[in-house]
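Enquirer: Structure here, sequence nowhere to be found:
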């Protein structure tokens, strides 16, 4: 199976300013939905059996493959796996670090 993941597009796939960030990521569920869209832009693909199908959600928020029953989370295998820090905090830190203008003074 050949699945290509496209890179996020500036201004479309991530917020352009702090107010937009706050609107996009108002809740933990909004952060999870965003990561899910980035991880599986064409829909959920089971990491165990490669089945492409809408998973069902367990009571603990895990995605369960309808084909093989494998359970996973959108953060599995990422830097966010098993973190106790809210995703909103992680995403805010990443947004802040990547959206600041660099001071490009020469050190010569």
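Expert: Structure's in. What do you need? None of these values were measured; they are calculated from a predicted model.
Enquirer: give me the element the residue nearest to the spatial centre of the chain is part of.
Expert: Of all residues in the chain, the one closest to the mean position by Cα atoms, centre = their mean is residue 35, 1.6 Å from it. Using DSSP states H and E, residue 35 sits within helix 28-39.
Enquirer: Quick one: the helices in this protein, in order.
Expert: Assigned by DSSP state H, the chain shows helices spanning 18-24, 28-39, 87-99.
Enquirer: which parts of stretch 53-64 are buried?
Expert: By neighbour count with 16 or more other Cβ atoms under 10 Å, stretch 53-64 contains the buried residues 55, 63. Using the backbone N, CA and C atoms, a C-beta is placed for each residue, glycine as well.
Enquirer: Can you check which of the helices of the chain gets nearest to residue 65?
Expert: helix 28-39 (14.4 Å; Cβ to Cβ).
Enquirer: Residues contacting the closest one, please?
Expert: For helix 28-39, contacts defined as Cβ atoms under 8 Å, 6 or more residues apart in numbering pick out 8, 13, 24-25, 44, 61, 74-75, 78, 80, 86-88, 91.
Enquirer: Residue 65 touches residue 50, doesn't it?
Expert: No - applying Cβ atoms under 8 Å, one finds residue 65 not in contact with residue 50, separated by 9.7 Å.
Enquirer: so how far is residue 34 from residue 23?
Expert: Separation of residue 23 from residue 34 (Cβ to Cβ, to the nearest Å): 12 Å.
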